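# build me a structure from this.
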Amino acid sequence: MNRTPDLDTVRRADAAEVARRIAEHRDQLGLDDRALAHQAAMSPAYFRHLLEAGPAFDPAGFVRIAAALQMTWAELLEGRTDAPPGQRQPPPGTPRPLLVPLSEPECWLLMGTHGVGRVGLPGTPAPTVYPVNYAVDGRTIVYHTSPRSAAAAADGSPVSFQADHIDDRLSEGWSVLMLGSAHHVDDAEQERRLAGLPGATPWVGGDRPLWVRITPDEVTGRRLGAG
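Prediction:
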């Protein structure tokens with residue numbers, strides 16, 4: 001049976017030990033960090049940030065990394081307890097995690113069914129990631145925030161945007177990553193139109209007059225399942 005670690009196990013997971021397991025399996029598969037990040041549908045910078053932050057920061061991101069490494073979620077967090085070191089085959093009957101690439105049209109369709117994502121902004125020493133309510137407008141992502149908010153991307157700055165949906169047992173779902181640039185919307189008519197889009201209203205209150213439009217240059221996605 002494929003046991004799914006509970007939330008307490010995720011919180012207790014040692015970031016350095018999980019990173020060591022990732023590096024070990026990455027080397028066994030002949031991958032480098034960039035290739036592994038691509039297979040897990042995330043940017044290399046965000047991948048490196050996850051390794052430092054640990055599984056509690058973004059459990060869904062580590063689920064995708066586990067699937068890209070052909071590991072179960074439990075194996076990534078806790079290591080193998082049912083086999084000697086070096087034996088990589090899971091016990092008979094254990095579902096094998098799979099990542100299936102999504103086409104760009106499939107990515108956009110999935111993004112339109114969701115309303116909360118994460119915008120990644122340039123930062124030092126690592127990118128910073130903030131959750132935002134968003135809407136799809138054509139082939140762009142829009143959200144509005146306060147000009148003083150940490151999520152207020154500078155006009156013209158490079159950004160990443162990620163949305164995903166993983167089921168309660170962390171065994172299946174999807175993830176979409178977009179890389180592009182952010183631009184401020186400064187046209188009053190456009191602002192009124194965007195305000196009417198479903199899903200764009202922030203959960204938090206307050207005055208949030210700044211609309212940010214993300215225009216992606218690259219759109220990638222993966223569907224996570226078991227086989």
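
# which parts of the chain are helices?
Secondary structure of the chain (DSSP state H): helices located at 7-12, 15-28, 33-39, 44-53, 59-68, 73-78, 104-111, 188-195.

# determine the longest strand present in the protein.
strand 210-226 (DSSP state E).

# what strands line up against it, and which way round?
In its sheet, strand 210-226 lies beside strand 97-101 (antiparallel), strand 140-145 (antiparallel), strand 173-185 (antiparallel), with partners assigned from DSSP bridges.

# distance from the last one to the middle of the chain?
Strand 173-185 has its average C-alpha position 11 Å from the chain's average C-alpha position, going by Cα atoms, centre = their mean, to the nearest Å.

# flag the shaky bits of this protein, pLDDT-wise.
Where the chain drops to pLDDT under 70, the residues are 1-7, 80-97, 168-171, 203-207, 226-227.

# repeat the analysis, applying 50 as the threshold.
1-2, 83-88 (pLDDT under 50).

# CSV for the helices of the chain, including mean neighbour count?
Every C-beta, even on glycine, is put in place using the N, C-alpha and C of the backbone. Supplementary listing: these in CSV, determined by neighbours: other Cβ atoms under 10 Å:
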stretch, mean neighbour count
helix 7-12, 13
helix 15-28, 15
helix 33-39, 17
helix 44-53, 18
helix 59-68, 25
helix 73-78, 22
helix 104-111, 17
helix 188-195, 12
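
# residue 129: which of these is closest?
helix 44-53 (7.2 Å; Cβ to Cβ).

# packing partners of that closest one?
helix 15-28, helix 33-39, helix 59-68, strand 158-166 (3 or more Cβ pairs under 8 Å, 6 or more residues apart in numbering; DSSP states H and E).

# need the ones you listed in a markdown table with distance to residue 195, can you?
Output for the helices and strands packed on helix 44-53, formatted as a markdown table (distance: least, Cβ to Cβ, whole Å):
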| stretch | distance to residue 195 |
| --- | --- |
| helix 15-28 | 40 |
| helix 33-39 | 35 |
| helix 59-68 | 29 |
| strand 158-166 | 20 |
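
# quick one, which of those is nearest to residue 117?
Of those, nearest to residue 117 by Cβ to Cβ is strand 158-166, at 3.7 Å.

# quick one: buried residues of that closest one?
159-164, 166 (16 or more other Cβ atoms under 10 Å).

# want to throw the helices of the chain into TSV with distance to residue 178?
Supplementary listing: those in TSV, determined by distance: least, Cβ to Cβ, whole Å:
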stretch	distance to residue 178
helix 7-12	26
helix 15-28	24
helix 33-39	14
helix 44-53	12
helix 59-68	15
helix 73-78	25
helix 104-111	8
helix 188-195	18
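
# to residue 223, which of those helices lies closest?
Per Cβ to Cβ, nearest to residue 223 of these: helix 104-111, 8.2 Å.

# the nearest residue to residue 9 once chain neighbours are set aside and residue 116: what is the separation?
Distances taken as Cβ to Cβ, 6 or more residues apart in numbering put residue 77 closest to residue 9, at 6.1 Å, once the chain neighbours are dropped. To residue 116, residue 77 is 24 Å away according to Cβ to Cβ, to the nearest Å.

# cheers, nothing more for now.
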